[in-house]
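Peer 1: Sequence first, then the predicted structure, then my questions.
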Amino acid sequence: MSESKGLKAKHQRLVLVSLALIALVGAGLLASWGLRNQANYFYLPDQFVAAPPPVGQAIRLGGMVAEGSIKTLEDGVTVSFIVTDQKEARVPVLYTGILPDLFVENSGVVADGSMDAKGVFVAEELLAKHDENYVPKELEEMSQHQAAKMAQETTVGLD
């Protein structure tokens, strides 16, 4: 009579499936632990004012740049402005760096950063949004015919 050593095929599959599930759960937990500080929560100005985020928490603030609020500070590279929701909420923002070309008053902006201890949002990155009537600076002075001709010239050979 022959004795079989080890596990039967059915039990081997059960052990392999169990190990695979444990490995997947472990990988998911490691990934979520590693990315815990990388998540940015999106706030609109009224949400920011109603329930301010904790100091230092990475967030993304979106809204409109309030008219008359853009001011360049003495160092020449730091800009202060106010992000609003066109209603009551107003959030003061500080940004140090080169401003996007489309960054102007009454335009949309999305700022990545965090709130400091004084209640000011300190932006590390600014993304300016344009409206549906956006025209690149290079094409502003051209007629529609000239712009269409330039567009056609730049797309020749891309087919």
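Peer 2: Structure received.

Peer 1: in this protein, what spans have low per-residue confidence?
Peer 2: 1-6, 36-40, 130-145, 147, 150-159 (pLDDT under 70).

Peer 1: tell me the SS of D46?
Peer 2: helix (DSSP: H, G, I helix; E, B strand; the rest coil).

Peer 1: residues in contact with it?
Peer 2: Counting by Cβ atoms under 8 Å, 6 or more residues apart in numbering, D46 makes contact with 85, 87-89. Glycine gets a C-beta too; all of them are placed from N, C-alpha and C.

Peer 1: Same question for the lengthiest helix in the chain: list its buried residues.
Peer 2: Using DSSP state H to define each element, the chain has its longest helix at helix 9-34. Neighbour-count burial for helix 9-34, counted by 16 or more other Cβ atoms under 10 Å, picks out no residue.

Peer 1: hmm, back to that, turn the contacts of D46 into a markdown table, columns for secondary structure and neighbour count.
Peer 2: Below are these laid out as a markdown table (DSSP: H, G, I helix; E, B strand; the rest coil; neighbours: other Cβ atoms under 10 Å):
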| residue | secondary structure | neighbour count |
| --- | --- | --- |
| D85 | coil | 18 |
| K87 | coil | 8 |
| E88 | coil | 9 |
| A89 | coil | 17 |
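
Peer 1: which pair in the residues you listed spans the largest distance?
Peer 2: Greatest spacing in those, by Cβ to Cβ: D85 and E88 (7.7 Å).

Peer 1: What are the buried residues along the helix or strand hosting I82?
Peer 2: For I82, the element it lies in under DSSP states H and E is strand 78-84. Under the neighbour-count criterion of 16+ other Cβ under 10 Å, strand 78-84 has 79, 81-84 buried.
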